[in-house]
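Trainee: got a structure for you, letters missing:
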């Protein structure tokens, strides 16, 4: 068990070294001008080692937001099954933001550096949006699983799409340049989630309960018979 833990920690350190090297090179000489060979050399590993962790330089640039999406999916899957979809999604997002606020300063700085890079690099911004669309599909699949409905359920798709719009409103227009501003992001997100929860009718994101029709009786030869 100790050897396994040591091996995993070494892999984690190598992965972070590649991310840090890539982010520094992207900032110094630009995303397009940076090669995988340069990233590997800066991290003191071989290109072959790089490809054990990331398929492309875009993957390493977008790795931290993708990690956050994985955490979001895991938090959603762990929410109590009785929670309505929008509530479960909101609570999962709150957990992700809390983790970011409580992260090690180095992790927070790394996340902010990646976010700035993505926002200022059109190719990465496009790649990020493409992956966000894929993440939305996965959120929809998880909500459908939780609700016991098919993947084409209209209410499920609507609930997830509405949540994505609300969350985007929470994150937009937040100028996060350093770790001290993470709290303002959390406050804005909490405000917009609360606004949505207070504006939506309870139970809107679940099918209405159909009333059971009253039992009817017909007169039979041996008395009343229920139908």
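Mentor: Sure thing, it's come through. Source: prediction; values computed, not measured. Residues are numbered from 1 along each chain as shown.

Trainee: geometric centre of the chain: which residue is closest?
Mentor: residue 69 (2.8 Å; CA atoms, centre = their mean).

Trainee: could you pull up the contacting residues of that residue?
Mentor: By CB atoms under 8 Å, 6 or more residues apart in numbering, the contact list for residue 69 reads 131-132, 135, 138. Quick note: C-beta positions are derived from backbone N, CA and C, even for glycine.

Trainee: and these, which is closest to residue 30?
Mentor: residue 131 (21.4 Å; CB to CB).

Trainee: helix/strand/coil for the closest one?
Mentor: On the three-state scheme (DSSP: H, G, I helix; E, B strand; the rest coil), residue 131 is labelled helix.

Trainee: can you get me a residue count around it?
Mentor: Here the count is done by other CB atoms under 10 Å, and residue 131 has 16 residues near it.

Trainee: quickly note the distance from it to residue 34.
Mentor: Look at residue 131 and residue 34: by CB to CB, to the nearest Å, they are 20 Å apart.

Trainee: residue 77 too?
Mentor: Remark: distance between residue 77 and residue 34 (CB to CB) = 36 Å.

Trainee: more neighbours: those two, which one.
Mentor: Neighbours were counted for residue 77 and for residue 34 using other CB under 10 Å; residue 34 has more, 21 against 12.

Trainee: now stretch 164-171: average pLDDT?
Mentor: The average of the pLDDT scores along stretch 164-171 is 89.

Trainee: ok, and what's touching that stretch?
Mentor: With CB under 8 Å, 6+ apart as the test, stretch 164-171 has contacts from 93, 136, 139, 185, 188-193, 196.

Trainee: picking that back up, give me the buried subset of the contacts of residue 69.
Mentor: Among the contacts of residue 69, those that count as buried by neighbour count (16 or more other CB atoms under 10 Å) are 131, 135.

Trainee: need the contacts of residue 69 in TSV (columns: distance to residue 155 and pLDDT).
Mentor: Formatted as TSV, those follow (distance: CB to CB, whole Å; pLDDT from 0 to 100):
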residue	distance to residue 155	pLDDT
131	25	92
132	22	90
135	20	94
138	18	96
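
Trainee: relative to residue 85, which of the contacts of residue 69 is nearest.
Mentor: Nearest to residue 85 out of the contacts of residue 69 is residue 138 (CB to CB; 14.1 Å).

Trainee: ok, that closest one touching residue 74?
Mentor: No: Residue 138 sits out of contact with residue 74 when judged by CB atoms under 8 Å, with a separation of 11.1 Å.
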